[in-house]
Every structure is written in C-alpha cells, then in structure tokens.
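In: here is my input; please provide its structure:
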Amino acid sequence: MKKISSLFQGINIVAIIGVIISGVSLYINILRQDQSESRPLVINSEKHLANEDIKAGDDTKASAKYSTCDAESVSMSRTGKVNTEITFLNQRDEPVKLYWLDYLGNRKSYGSIQSKDRRTQNTYVTHVWVVADTQDNCLSVYNADEQPRVVEIH
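Out: Sure, this is the predicted structure:
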C-alpha cells in the first residue's frame, strides 16, 4: 500500500511541475509579444489579426492587446484605477458598434463609429472593449493596457 501511495504522490509532483513550466512558458511568450515592434492592430471582417501601418497622417503607432470573439464570453473589465485611451479607426464601408464589457462581462453600448470615422475613447487599464457590426455580431475584443493604442477596423 505504501508503494501505491508513494507512486501517486510522485505523479502529483510531476503534474504540478508540468503546470508551473507551462505557466512560465506562457509568461515568456507574453513578454516576447510585448517587446515586439509597435504597430496598430488591424481587425478584418474575417475576424483575424493582421498588422499594417496606420494610414498617412496618423502619428501614433502601437500594438494592441487583441483577442478573438471567443474571448468575449469569458471576459470582463476589472479595476478602473489607471487611465489610458484607445483610438478606434473604422475603415469599413459601414458603421460599427462599440461596447464596453462591464465588471460582470455584460455589454454596455458606447454608440457607433461611422464608416471612415474615428473615436478616441478614454478608458482604464484592464477594461475590455468589443467592436461589433450593425447586427451586434462581434468583430473583435480588445483589452486596454497602460499605453494609448490605435485599433484599425477593416
């Protein structure tokens, strides 16, 4: 019986070490992404990420913390202590809707952004924003961080 008990303890230790190693690997990948070249986020209607330069005349270039729409169901805003801003550039031929995800993960409307228009939105670090089409279908989920960012919507 002692051999079986020792075997299970050994398995548990191996599992814990595996989880720790996975977490460290994820953290390293996040750091690498944060240190990548600063560029705007481009959201395509096909719901994937592509990096391109901001159009001429825009002096801010920044990377963005982007998530697919699958992340909306498990996302919510957290504390609102550190101010930041996001500029949304709507390059689509139709308006898009902007939503803030509240502290329970519910959408709160922040109106529409007309075609070829922009909106600079004051927000807080850790707040979550959803860009949707006119039928409320999610196009992207964006997590605000400390640096002001530009999100270009295609």
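
In: so which strand or helix has the nearest residue to Asp102 once chain neighbours are set aside?
Out: Of all residues not flanking Asp102 in the chain, Lys108 sits nearest, at 5.3 Å (CB to CB, 6 or more residues apart in numbering). Quick note: C-beta positions are derived from backbone N, CA and C, even for glycine. Assessed by DSSP states H and E, Lys108 sits inside strand 107-113.

In: swap in Thr84?
Out: Applying DSSP H and E, one finds Thr84 within strand 83-90.

In: dump the residue contacts of the residue nearest to Leu139 when sequence neighbours are not counted.
Out: Leaving aside its sequence neighbours, Leu139 sits nearest to Val131 (CB to CB, 6+ apart; 4.7 Å). Val131 makes contact with 43, 88, 96-99, 138-140, 142, 151, 153, according to CB atoms under 8 Å, 6 or more residues apart in numbering.

In: name the helices or strands packed onto the strand holding Lys108?
Out: strand 96-101 (3 or more CB pairs under 8 Å, 6 or more residues apart in numbering; DSSP states H and E).

In: report all helices and strands that the strand it packs on contacts.
Out: strand 83-90, strand 107-113, strand 118-124, strand 128-132.

In: tell me the most buried of those strands?
Out: Ranked by mean neighbour count, those are led by strand 128-132 with a mean of 22 (mean count of other CB atoms under 10 Å).

In: pLDDT value on Leu104, please?
Out: For Leu104, the pLDDT comes out at 96.

In: how much space separates it from Pro148?
Out: According to CB to CB, to the nearest Å, Leu104 and Pro148 sit 26 Å apart.

In: ok, now Tyr124?
Out: 12 Å.

In: hey, what's in contact with both of those two?
Out: Common neighbours of Tyr124 and Pro148 (CB under 8 Å, 6+ apart) are Thr84.

In: how does this protein divide into domains?
Out: Domain assignment for the chain, taken from automatic domain parsing, gives 1-35, 39-153.

In: weakest of these in terms of mean pLDDT?
Out: domain 1-35 (a mean of 48).

In: the helices in this structure, which residues?
Out: Ranges of helices in the chain, per DSSP state H, are 2-34.

In: this completes my enquiry, with thanks.
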